[in-house]
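In: Quick one, fold the following:
(2 chains)
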2 protein chains.
Amino acid sequence: MVIGCGMTKFGRRDDKNLMDLLVESSTRALDDTNIKNIKIDSVYVATMLAGELTHQTAVASALTDQLGLLPAGAQRIENGPASGGSAVLNGFQAVASGFCDTVLVTGGEKMRHVPGDRITDLISTMTHPTAEYVHGVTLPSLAAMLTRLYMANYGLTREHLARVAIKNHENALKNPYAHIHQKITLEGIYTGAAAEMNNPLVSDPLRLYDCCPVTDGAASVVLCSAEEAKRLNAKAVKIIGAGNATDTLALSERKNPLVLEAVKMSAQRAFKMACLKPQDIDVSELHDAFEILEIVESEDAGFFEKGTAQKAIEEGATSLSGRIPINPSGGLKARGHPPGATGVAQVVELTWQLRGEAGERQVSNAKRGFCCNFGGFGNNVTAFVLEGM
Amino acid sequence: MVIGCGMTKFGRRDDKNLMDLLVESSTRALDDTNIKNIKIDSVYVATMLAGELTHQTAVASALTDQLGLLPAGAQRIENGPASGGSAVLNGFQAVASGFCDTVLVTGGEKMRHVPGDRITDLISTMTHPTAEYVHGVTLPSLAAMLTRLYMANYGLTREHLARVAIKNHENALKNPYAHIHQKITLEGIYTGAAAEMNNPLVSDPLRLYDCCPVTDGAASVVLCSAEEAKRLNAKAVKIIGAGNATDTLALSERKNPLVLEAVKMSAQRAFKMACLKPQDIDVSELHDAFEILEIVESEDAGFFEKGTAQKAIEEGATSLSGRIPINPSGGLKARGHPPGATGVAQVVELTWQLRGEAGERQVSNAKRGFCCNFGGFGNNVTAFVLEGM
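Out: Numbers count the residues shown, from 1 in each chain, chains lettered A, B, ... in the order given. Prediction:
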């Protein structure tokens, strides 16, 4: 059960260091439980690059101390951009095993203080070291290749991509925690006279507005067992399904690169555990580090048939009022993407949606949510199904 | 249940990179189960400094791919030098929760290719960033202060320290996987004419032979549920107790620095879960990164009263044939200390001991074992109690 959640404002956070961000979001989640002096048995911290970017290791123990939660257990999980989802999964297992009654899961990253080329290099360290990294492969270049392949196979256009970005920016305008509060239009980034200048090439065909930003921020949830939630009389959202799966590290080894097998497997596992189908989901948070990922994930998670997601985009099916709203938070594209925080922030957004507390971006009648957190270039994915009470 | 275990030779491993070491020890543990094509549901990888020292992140997914275990889940745990114990704990919870039937836990580190001063700095990144790290505190300096304090309070001498090292080097001579195969004597490192020259000062009163080496290596265990072990007809050792606890990051904030609270709490938790007392343990692996740690941990785990461990050393109680043999493997001092591997290697050694497969270093009649893996300077500790079948 999720009995508390919170996050920091995402963005460029020159005012705080990583530990400050982790403390801020943790405190908000603990406060959100409305339980005074809640006893936490273990603290899970997700960060991808704490050691490399902030020169601090063993941050989970440090956070536990700073929050006054000693002698709770403490663990740090690093799984590339899926660190957050992995931390939620391990926190969930700690509770489900009976080893812990209540755990705090906090994910965060502090990146904006580091030059962009160093970030690009460090992010690339999760690609295959000899088949990809040494050849200069970066995450945007992999996304560009996937985009081209999808375009060639299914008739996706640059306008479809732009529509995903426009939707997510629009949603983020309604999310006070989002990194980017900027309305974008087809004319501004795609068709207008100044569009090319506003939207420079990153890796053909991807341009700036096709990629998520580098973001500082943290997000937290408090998890406990059903019995404990009842005992504490907590407002709770249930985690009813969880999945985690891997795929080949080198993209060249995949039978069909248009199918994200780890998304498919982790989603199937989560739905199987929840005894639900994708059609039962009312709201979803997907890992749109690039628009093509939202598109392909929405198919491999089971919301649309392969090769039809662009039709769904044309019909507005994924907008806030659509059949299956995707990324009401603004997603990685506009809420922002601090890798350690992202998977936790997805669960935070679903919790708010399922509690009916998402304000202007509330999806009406949201009873069940799905999220998927994508590590590497789809080689390690976690998926969760949540249900409101 | 531990149904398979294995490790690489510890030492300076210029012949292999980190991933090679992880693959080697994983393969040995999988082979050790004697189960053909065993299905692994999730892979837990512990490394402290993979990103910093080998420029590769998200190593758990990479290992899962390389072992041909796709689409198993994959997680990396980093918890300073307690990374290994934390990975075992999370693998244990994954099984105990019912989310996984069988998991592989592999810890490893590759450090010897990096200059010593950089290692010393990186290891220091787990101390308190503003109260300790910026003032030049290193792990040996913290251990030196603890040693001095213990000497002043309880009459510990440099000879007691030397005796711990001599015992662990002696044990390591019987362990083919150990980093250091070197018999040392009081005359060689402590009393003899050349002793000072052989054994230079590191941080007064600690000399070279009071500290563990920097080591490359990996260790692995395969865990499954009791039902699964029965179904697979596996030779199994049972994990009957587990604990994890934290203490203040800054040593100056501890009420009594001579008491390692996180050792005490994690051991108490593990013994409580196992329904056993320290007196029930036949063999133990403690985290002797410095001799003083073996000494204080042996008290705080409950084997000896506070301030009496040096008497136990004088009596030989902790030697292979003593009342409570400590570090039959040679410990961190002589088996070596690749931080990510250490906590897993402790469980591997206990498994061998409890299966009666420890060769020349076998503790006779070993039925129950205890181990403790120590993160930071005791701010994050895991403890396990194991029982043979």
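
In: burial measure for the closest residue to A:Leu354 other than its chain neighbours, as a count.
Out: Nearest residue to A:Leu354 in three dimensions, chain neighbours excluded: A:Gly388, at 3.5 Å (CB to CB, 6 or more residues apart in numbering or on different chains). Using the backbone N, CA and C atoms, a C-beta is placed for each residue, glycine as well. Neighbour count of A:Gly388, defined by other CB atoms under 10 Å in any protein chain shown: 18.

In: With A:Arg118 instead?
Out: Around A:Arg118 there are 12 residues (other CB under 10 Å).

In: so which helix or strand takes in it?
Out: Here A:Arg118, judged by DSSP states H and E, is contained in helix A:116-124.

In: which residues are in contact with that helix?
Out: A:49, A:52-53, A:111, A:132-133, A:137-139, A:214, A:339, B:51, B:57 (CB atoms under 8 Å, 6 or more residues apart in numbering or on different chains).

In: repeat for stretch A:257-277
Out: With CB under 8 Å, 6+ apart as the contact definition, stretch A:257-277 has outside contacts at A:145-146, A:149-150, A:153, A:240-247, A:251, A:254, A:278, A:296-297, A:300-302, A:306, A:368, A:370, A:372, A:374, A:378-385, A:387, B:71.

In: Just the mean pLDDT for it, thanks.
Out: Across stretch A:257-277, pLDDT averages out at 98.

In: ok, now stretch A:150-166?
Out: 97.

In: Now do the end-to-end distance for that stretch.
Out: 20 Å (CA to CA, to the nearest Å).

In: Would you mind listing the buried residues in it?
Out: A:150-151, A:154, A:156, A:158, A:160-166 (16 or more other CB atoms under 10 Å in any protein chain shown).

In: Stretch A:163-181 too?
Out: Buried, per 16+ other CB under 10 Å, within stretch A:163-181: A:163-175, A:177-180.

In: what do you get for stretch A:61-77?
Out: For stretch A:61-77, by 16+ other CB under 10 Å, it's A:61-67, A:69-77.

In: Stretch A:313-328 too?
Out: Applying 16+ other CB under 10 Å to stretch A:313-328 flags A:313, A:317-320, A:324-328 as buried.

In: next one: that stretch to chain centre, how far?
Out: Centre-to-centre, stretch A:313-328 and its host chain are 18 Å apart (CA atoms, centre = their mean, to the nearest Å).

In: for stretch A:162-176, same thing?
Out: 15 Å.

In: Surely A:Phe384 forms part of a strand?
Out: Yes: A:Phe384: assigned to a strand according to DSSP: H, G, I helix; E, B strand; the rest coil.

In: Residue of the stretch 101-250 of chain A closest to chain B, please.
Out: A:Asn244 (3.4 Å; CB to the nearest CB).

In: Thought A:Asn90 was touching that residue, still the case?
Out: No: in this structure A:Asn244 lies outside contact range of A:Asn90 using CB atoms under 8 Å: 9.6 Å.

In: quick one: average confidence on the helix holding A:Arg118?
Out: On average, helix A:116-124 scores 93.

In: Output that helix as CSV - backbone C-alpha positions only.
Out: C-alpha atoms of helix A:116-124 as CSV (Å, rounded to 0.1, in the frame of the first residue of the first chain):
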residue,chain,number,x,y,z
GLY,A,116,26.2,18.6,-20.5
ASP,A,117,28.9,16.7,-22.3
ARG,A,118,29.9,14.9,-19.1
ILE,A,119,26.2,14.1,-18.4
THR,A,120,25.9,12.7,-21.9
ASP,A,121,29.0,10.6,-21.4
LEU,A,122,27.9,9.3,-18.0
ILE,A,123,24.4,8.4,-19.2
SER,A,124,26.0,6.5,-22.0
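
In: need the contact list for A:Tyr154.
Out: A:307-308, A:310.

In: Now restrict those residues to buried residues only.
Out: Counted by 16+ other CB under 10 Å, the contacts of A:Tyr154 give A:Gln310 as buried.

In: Tell me the one of the contacts of A:Tyr154 nearest chain B?
Out: Among these, and counting by CB to the nearest CB, the member closest to chain B is A:Gly307, at 22.5 Å.

In: Please name the nearest non-neighbouring residue to the closest one.
Out: Nearest one to A:Gly307, counting by CB to CB, 6+ apart, is A:Tyr154 at 4.1 Å.

In: One more: A:Arg76?
Out: A:Ala60 (4.2 Å).

In: Surely the one you found touches A:Ala74?
Out: Yes: counting by CB under 8 Å, A:Ala60 does reach A:Ala74; the two are 3.9 Å apart.

In: Touching both of those two, which residues are there?
Out: A:43, A:45, B:79, B:380.

In: could those residues be laid out in JSON lines, adding distance to A:Ala358?
Out: Formatted as JSON lines, the shared contacts of A:Ala60 and A:Ala74 follow (distance: CB to CB, whole Å):
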{"residue": "A:Val43", "distance to A:Ala358": "27"}
{"residue": "A:Val45", "distance to A:Ala358": "26"}
{"residue": "B:Asn79", "distance to A:Ala358": "35"}
{"residue": "B:Asn380", "distance to A:Ala358": "36"}
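
In: of these, closest to B:Gly343?
Out: B:Asn79 (8.6 Å; CB to CB).

In: wait, what's in contact with the closest residue to that closest one other than its chain neighbours?
Out: Leaving aside its chain neighbours, B:Asn79 sits nearest to B:Ser86 (4.2 Å; criterion: CB to CB, 6+ apart). Going by CB under 8 Å, 6+ apart, B:Ser86 touches A:75, B:46, B:77, B:79, B:244, B:343, B:373, B:375, B:380, B:382.
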